[in-house]
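Participant: Following is a predicted model, sequence given first.
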Amino acid sequence: MNRGLGAIVTALVDNRSFSGTFCQSRARRSTAASDEVLMRRYQRGDEDAFRQLYERHRASLQRFVRRLSPEIGDTEEIAQETWMAVIQGRERYRPQARFVSYLFSIGRRRTMDRWRKLGRAPPLDPDAEELDRQAAPPAHEPEHQAATAALRADLMTAVASLPMMQREAFLLRAEGGLTLEEIGEVTGTNRETAKSRLRYALNRLRIMLEPWHDE
């Protein structure tokens, strides 16, 4: 299972808070330059700093775009457009938010642009009250089988079936490690809306993974 979604699902099945989900990966970076420092170095002409940023976030950005884009073949092009926007806008970049929020915000905009170019609207969230009826808290969580190939496949199917707004909130948390405040900023909403969408997404995932409860 990829590290981002794997961490989220582990938190889901363990019923843990998300606050500690990414501590391990962040700890591994503690001795490395932060994204923001690397971006400032890149602004001064350090091409190696950009390569480090690219390698650090390339895979997670591609996964995020792939699971939001209207056509699977669009993934690479949208991801490259995102990185080109970072390159072209490097002089204007200001570290008012974490670099990862800046990067995923561009990726999201490019993905939404692709939906519009195709003359299609991304599927929106269903009615919240209906979700509340569907997504009542389960009596128990799935068992500790997140590493199995079968659960990986079921998880990917479940994530793909989430309504767009819930899916992007989930993926911004899973792949980008964004906080609720950052998810709100990226999606043009607020913390409470981001929290609600993430909650609905997790409830739906629990429901769709219900068969794993008794495995």
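Facilitator: Alright, I've got the coordinates.
Participant: Now stretch 178-196: buried residues?
Facilitator: In terms of neighbour count (16 or more other CB atoms under 10 Å), stretch 178-196 has its buried residues at 178-180, 182-187, 189, 193-196. Glycine gets a C-beta too; all of them are placed from N, C-alpha and C.
Participant: So which of those is the closest to residue 170?
Facilitator: Nearest to residue 170 among those, counting by CB to CB, is residue 183 at 9.5 Å.
Participant: Spell out which residues sit in contact with the closest one, please.
Facilitator: Shown in contact with residue 183 (CB atoms under 8 Å, 6 or more residues apart in numbering): 169, 172, 173, 189, 194, 198.
Participant: ok, now residue 181?
Facilitator: 191, 194.
Participant: Please apply the same query to residue 93.
Facilitator: With the criterion set at CB under 8 Å, 6+ apart, residue 93 makes contact with 39, 43, 86, 102.
Participant: Show me how to select, in ChimeraX, the buried members of the residues you listed.
Facilitator: The ChimeraX command for the buried members of those (criterion: 16+ other CB under 10 Å) is given here:
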select :39,86,102
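Participant: Specify which member of the contacts of residue 93 is nearest to residue 64.
Facilitator: The closest of those, once distances to residue 64 are taken by CB to CB, is residue 102, at 13.6 Å.
Participant: Which residues does stretch 98-106 contact?
Facilitator: 34-36, 38-39, 53, 57, 61, 64, 82, 85-86, 93, 172, 175-178, 182, 185-186.
Participant: any weak-confidence spans in the protein?
Facilitator: 1-31, 72, 120-151, 211-215 (pLDDT under 70).
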